[in-house]
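J.: Got a predicted structure plus its sequence, pasted below:
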Amino acid sequence: MTSYVERQRKTKLGRPSEADLRLKNNRLGMTIFQISWIMVFLAMIIVNWQLRFSYSDWPPAGVAPFDPLLPSAATVALLLSSLLVKRGLQALRQGRIGGFLLDWRGAMVFGFAFLAAIIYEFVSVSNAALATQYGITMRLMTGFHFVHALAILAFMAHVIRRGAAGSYSGDEHESWAVEGTAKLWYFVTLAWILFYIVLYWIR
Amino acid sequence: MENRGSNTPSISPAAVVVAAVFLLVSVIGINWFTTFVPVVLPEQASAESKSVDELFYILMIIGGVVFFLIQGMLLISVIAFRARPGDEGDGPTYHGNPLLEIVWTIIPALVVVFLAVVSFNIWTQNTEPKAAINMVEGQSISINVTGARYAWTHQYVTERFDPDGNQIVINSGPELHTYIGQNVDLTLQTQDVIHSYWVPAMRVKQDLLPGDPRRGGRPTQLRFTPIRVEDRSYPARYPIVCAELCGDGHGRMQGTVIVYEDESQFLDQFYEPAIYAILNPPADPVLRGEIEIQNYICNSCHILDSLGWTSTTGPSLNGVADRAGERVPGQTAEEYIATSIWNSGAFRVPGYDQQMAAFGPDVMEATNVMSPEQLYSIVAYLCTQGEQSDCDMENASAAIPDAIQTVFGYEVDITFGMEDDEDEAMLEADAASDDESGASG
Amino acid sequence: MATIAVPLGGQAEQQEAEAVRRPALSDYLRWSVDHKIIGVQYGVSAFLFFIIGGAMAMGIRLELWTPELDLMVSGAAYNSLFTIHGTIMIFLFIIPMWAAFGNFVVPLQLGAKDMAFPWLNAFAFWLIPPAAVVVLLGYFVSPAEAGWTSYPPLSTLFSGDGQTLWALGAHLLGISSIMGSINFIVTIFNMRPPEMTIWRMPLLCWAVLATSIIAVMATPFLAGALTLLLLDRVAGTTFFDAAGGGDVLLWQNIFWFYSHPAVYIMVLPGMGVLSEVLSVHSRKPVFGYRMVGLSSMGIAFVGFTVWAHHMFTSLQPELRIPFMITTMIIAVPTGIKMFSWLGTIWGGKIRFTSAMLFALGFLSLFVIGGISGVMLAALPFDIHVHDTYFVVSHFHFVLFGGSVFAVYAALYHWFPKVTGRMMNERLGRIHFVFTYFGFLFTFFPMHVVGMLGMPRRVAVYVEAFQPWNQLISLSAFVLGFSTFIVIYNVIKSYYHGPIAGANPWRALTLEWQTTSPPPPMNFDDDPIPFEDPYGYGTEASAAYLEVVDEAFGVRSNRAGEH
């Protein structure tokens, strides 16, 4: 029965500090958010998939298939951008603020290049494609992804501005905003790769 | 803290008595439950209904056992295990019994497997495509059902042909005619939203799904075989109900299955008279229009007392001829009525939304196709709906075709194509119908 | 027992008998990040919507008194009435109501100071009022009339602008639900005291965890479906328009992929409440704790594989069989729960408190909903009763006989903790009798009219069903009346109820090991949970409760029963 006392003492030692707990919560929360929100993207893939069955051919007869060249280049740009984000985060963890800022600025350049390509793709869908679900679902998916990518790029810009002002340090407790933004950007990259495969490669 | 298994109630004589009483109550109760089976379900009017009701019977027995078991244990618990006044103590620290838990996992699982197998068998048996479907006079015909807000239309594509070689199609409106033993196989198609074709007495139901009319829509099938119901006089009538919310008039969207005793009764009372009426249409446009207008879904939205229509979705057609002339300046009554049917979006009666389907010679939906001649007869009929018709009733056979010519540019064959071949019969029919139209005017 | 250290930190002050320290009423109207305030905000607003939705149900029953249209001007007006009734009850009442109890109780049961993300918690709540305004605004503009399921093309090509607002409002509510659920999962995983392993966690937390997992996995599909619906309505796309290459079954698939699991979002927390209430008020551990916890997860998992049973009359016939089988499988974990609860009260010392009465009512009514659920899973029989009053009866047995009874049980059980005062037990019993019998006679006869041939969602019906419908309507009015009893009881008890003290039910879970209502940070010191949340009947548990009583002072009126 005296074990309560022992347990109480052990407990006090065993409880994580407020800052540790906050970081732990943030990380788990982010993971769950990502698992949850990827479902919307999966839902749109299912939409694309089910609507294919309305047609005997895909792309439907009389509609030219999308040219995968530019989207492939855009995908490479996005992957590079994601890699730079990862490298920047590592630099920050090692305390190299300068390296972090440089990498993330580069990531933003690649990110905007990706967005420009996607805007071009979105606008240049042929009218013949738009008369069918082939074009409509493509616009749905790229448009939906675009909104997310743009929002997170805005986040990144904000993080870079604050990073330049010296708000973050190598301590992971003091740079959650950076880590979180990076994870969101990986999320956008993953979501795009799913869309890219479904839109351009699965016939 | 540790499981004190000894605290569990052990088997006592009282428990045996309780269990016996419980068993007795369950048996009597389930028996009593099942006497309700025929009361809570409609008549068994199809072969399918027999097996569905058998399944229901099984479900009632299993459900009854579960019901009495759980309610019984609940009742015993609240009586036997209520805290006595002044007893502030706790119950036994009893955390569970793995064996018991396994038992009440396995048994329901077995019951579920049993139910799944039974249901599967009944399902495959009921939905199996049958060899001889829609047999009439030894031939298989197709029966098409169209759902449109808010009416059912049944069409029999017969294997008979009119003198011009066209297949004869009987339109029986909201009535499905069949006979005992006919393997009914319906092709269902909707014109607008999802409907659901339900015949409670047959225990069958199928949704009608909107499809692309350019690609033949999205037909669905419904199969059943009517059987004889004891103490029923034939032809027997059973309701058809729309079971999927389709809008304002969803509750009114009903029809009737008419089951004849045998094929000869079906032929005598429905099939042959219907074909005769199609082959010998009245030459008088008003009489013809009265038949034609009932072949369309107009009744699903309009009121027209002379035909017993009651739907309030669209404007009333009672006395439409009295108002038609004043509705649009510069348009005659004939022009207004004709325009409102073919170009239904042209005018809107205040207080009503534009919801009416398009009719005409080249609309997509087969059931809405309407030739200039059909329009002519329908306008002629509607022109009689009023006390002081604005239409030129004396000259209907000229005024209406002129109106159609003016508005749509179509020539109307006012003899309905019968002039060339059957002169004498036509002349007689004309003479007879002149008298009638004079009387109705 | 003197050797036991005070498990709660010694400095817990004794409450003054006359005064209960609780937040001012105005605190509940402001932005607050305290989970206890947010819980009450959720609860009161959800109950308000329950009353509005209930009033609408009374309107529905009034209309159905006669076979003709009389109360309503048109069938469309009736359609929009039940559409908004369903929407309010599901999105604005039951789901937020469970967020209310989850918010108030879960952090306390875990011995935590607050939720993992207090700000997000408040934000999730404050999305609800604007969403509700949007939905209700739609009702007054040009109401949605396609049912809460909003099947296109009725909801796209044939509905007014209210449908757009309906979809917008539902979208916001879905996002609120996702944020709330992320918060619950993180709180439950990360904020437990070290000695509370997942297998020592109270079963309400298990249920909320299972619910939240469903919500985060399924609700995004609702977001996807509503996005498509909105685009079809306002941007001219044709996802659900067959003439443009769309597919009406696409909506049904995605919508039910969310909405079937949503049924478990609505009932699983109620099952968690039941485990708490039955155990505490019969003074006996939960029978088969692990299986009860795991069956929540089982239901959550299988719940994702059954959605197409809502499409038994529209799906291709060959796809219907697998969904029949998965649907029937759900009966197994549900059965485990039912039997475990019976095992819990069997042999206990049952106190007939109002909370316990409603919990027992849940048991007795939910079993009927379960039986009719298995009947509906049996495909050939479902074909007959699909979209009829049989289905209406079934889901009210599950969601009213189940969820609402559990809400009432939870209300009577935790009201003392929330307000520091006891509810009136006599009024509670009267409330129970009216609710139970009002409910039974409202919804049981619906099985029969459904089987006899009355489809759901109709304002006009065959005259032969009028006696049945009058019985149903009369009972529904009794049921509606019963709500006023509990409203009166809540208001009266809030001001004049007997002081509850920390632990009026002598329960072992942590929410009772602090003052009622708890202080702003919940516990004055890190609390030590008893090693078994339901370990009633042992000397150790008696000692633990004694220490709690000593720390906070005992109330003579505990349990209110004897």
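T.: All right, it came through fine. Numbering: from 1, shown residues only, chains lettered A, B, ... in the order given.

J.: for chain A, which helix is longest?
T.: helix A:18-52 (DSSP state H).

J.: what's the residue nearest to C:Met89 when sequence neighbours are not counted in contact with, if anything?
T.: Nearest non-adjacent residue to C:Met89, counting by CB to CB, 6 or more residues apart in numbering or on different chains: C:Gly53, 4.5 Å away. The C-beta positions use only the backbone N, C-alpha and C, and glycine is treated the same way. Shown in contact with C:Gly53 (CB atoms under 8 Å, 6 or more residues apart in numbering or on different chains): C:84-85, C:88-89, C:92-93.

J.: One more: C:Leu399?
T.: Neighbour list for C:Leu399: C:89, C:94, C:263, C:266-267 [criterion: CB under 8 Å, 6+ apart].

J.: That one falls within a strand, correct?
T.: No: counting by DSSP: H, G, I helix; E, B strand; the rest coil, C:Leu399 is not part of a strand but helix.

J.: From chain A, how far out is it?
T.: Noted for C:Leu399: a distance of 24 Å to chain A, by CB to the nearest CB, to the nearest Å.

J.: How confident is the prediction for that residue, by pLDDT?
T.: The model reports C:Leu399 with a pLDDT of 96.

J.: what about B:Pro372, how many neighbours?
T.: Neighbourhood size, B:Pro372 [other CB atoms under 10 Å in any protein chain shown]: 19.

J.: contacting residues for it?
T.: B:361, B:404, B:408, B:410-413.

J.: Widest-spaced pair of those residues?
T.: With distances taken as CB to CB, the most widely separated pair in those is B:Phe408 and B:Asp413, at 14.5 Å.

J.: Could you check which of these two is surrounded by more residues?
T.: B:Phe408 (17 against 14).

J.: Give me the below-cutoff pLDDT ranges for chain A.
T.: Segments of chain A classed as low confidence (criterion: pLDDT under 70) are A:1-15.

J.: just the helices in it please.
T.: Secondary structure of chain A, counting by DSSP H: helices at A:3-14, A:18-52, A:69-93, A:97-123, A:127-130, A:133-164, A:176-196.

J.: Which among these is found nearest to B:Glu230?
T.: helix A:18-52 (47.4 Å).

J.: quick one, phi/psi of B:Thr187?
T.: The phi/psi pair for B:Thr187 (degrees, to the nearest 10) reads phi -110, psi 120.

J.: ok, it - contacts?
T.: By CB under 8 Å, 6+ apart, the residues touching B:Thr187 are B:142-145, B:219-221.

J.: Filter those down to the buried ones.
T.: The neighbour count (16 or more other CB atoms under 10 Å in any protein chain shown) marks B:143-145, B:220 as buried among those.

J.: out of those residues, who's nearest C:Ala144?
T.: For those, the nearest to C:Ala144 is B:Thr220 (26.5 Å; CB to CB).

J.: Write down the beta-bridge partners of that closest one, one by one.
T.: On the basis of DSSP bridges, B:Thr220 is bridged to B:Leu188.

J.: if I look at the closest residue to B:Ile240 other than its chain neighbours, how far off is B:Tyr238?
T.: The spatially closest residue to B:Ile240, leaving aside those adjacent along the chain, is B:Gly255, at 3.6 Å (CB to CB, 6+ apart). From B:Gly255 across to B:Tyr238, the span is 10 Å (CB to CB, to the nearest Å).

J.: What of B:Val320?
T.: Distance, B:Val320 to B:Tyr238, using CB to CB: 34 Å.

J.: near chain B, which residues of the stretch 351-500 of chain C show up?
T.: Listed as neighbours of chain B in the stretch 351-500 of chain C under the rule CB under 8 Å from any CB of the partner chain: C:351-352, C:360, C:363-364, C:367-368, C:370-372, C:374-375, C:377-381, C:383-384, C:386-388, C:447-448, C:451-453, C:455-462.

J.: In helices only, show me these.
T.: Checking those against DSSP H, those in helices are C:360, C:363-364, C:367-368, C:370-372, C:374-375, C:377, C:379-381, C:383-384, C:447-448, C:451-452.

J.: need the residues of chain A near chain B, please.
T.: Counting by CB under 8 Å from any CB, chain A sits next to chain B at A:Ser54.

J.: Name all residues that make contact with B:His154.
T.: For B:His154, the contact set (CB under 8 Å, 6+ apart) comprises B:143-146, B:171-177, B:255.

J.: Quick one: residues contacting residue 176.
T.: Picking chain A for this. Contact analysis of A:Trp176 by CB under 8 Å, 6+ apart lists A:22-23, A:26.

J.: could you do chain B instead?
T.: B:Leu176 sits in contact with B:143, B:145, B:154, B:184, B:186, B:240, B:255-258, where contact means CB under 8 Å, 6+ apart.

J.: that's a helix at it, yeah?
T.: No: if the criterion is three-state DSSP, then B:Leu176 is strand and not within a helix.

J.: does it have beta-bridge partners, and which?
T.: The partner residues for B:Leu176, given DSSP bridges, come to B:Val257.

J.: quick revisit: residues of the longest helix of chain A that come out buried?
T.: Applying a neighbour-count criterion of 16+ other CB under 10 Å, one finds A:22-30, A:32-33, A:35-37, A:39-41, A:43-48, A:50-52 buried in helix A:18-52.

J.: ok, the nearest residue to A:Leu23 once chain neighbours are set aside - contacts?
T.: Once flanking residues are discounted, A:Leu23 sits nearest to A:His173: 5.7 Å by CB to CB, 6+ apart. Listed by CB under 8 Å, 6+ apart, the contact partners of A:His173 are A:19-20, A:22-23.

J.: what's the neighbour count on residue 125?
T.: As the question left the chain open, I've gone with chain A. With other CB under 10 Å as criterion, A:Val125 counts 17.

J.: Chain C is the one I meant
T.: 24.

J.: which residues does it contact?
T.: Applying CB under 8 Å, 6+ apart to C:Phe125 gives the contacts C:38, C:41-42, C:99, C:176, C:180.

J.: Relative to C:Gln316, which of those residues is nearest.
T.: C:Ser176 (35.7 Å).

J.: Return the helix or strand in chain B with minimum mean pLDDT.
T.: Of all helical and strand segments in chain B, the minimum by mean pLDDT, DSSP states H and E falls on helix B:423-440, at a mean of 46.

J.: which two in the contacts of B:His154 are spaced the farthest apart?
T.: The two members of the contacts of B:His154 with the most space between them (CB to CB) are B:Thr146 and B:His177, at 15.7 Å.

J.: burial measure for the single nearest residue of chain A relative to chain B, as a count.
T.: Using CB to the nearest CB, the single residue of chain A nearest to chain B is A:Ser54, 7.8 Å away. Other residues lying near A:Ser54 total 20 when counted by other CB under 10 Å.

J.: pretty sure it is touching C:Val248, no?
T.: No: under the criterion of CB atoms under 8 Å, A:Ser54 is not in contact with C:Val248, lying 10.6 Å apart.

J.: Residues that sit against both of these two, list them.
T.: The contact sets of A:Ser54 and C:Val248 overlap at C:Ala242 (CB under 8 Å, 6+ apart).

J.: So is stretch A:177-194 next to chain C?
T.: No: applying CB under 8 Å from any CB, one finds stretch A:177-194 out of contact with chain C, separated by at least 12.0 Å.

J.: which ones are touching C:Ile485?
T.: Listed by CB under 8 Å, 6+ apart, the contact set of C:Ile485 reads C:427, C:430-431, C:434.

J.: cool, and A:Phe110?
T.: By CB under 8 Å, 6+ apart, the contact list for A:Phe110 reads A:77-78, A:80-81, A:84.

J.: so the residue of the stretch 301-441 of chain B found nearest chain C, which of the three states?
T.: Per CB to the nearest CB, B:Thr312 is where the stretch 301-441 of chain B lies closest to chain C, at 7.3 Å. Using three-state DSSP, the structure places B:Thr312 in coil.
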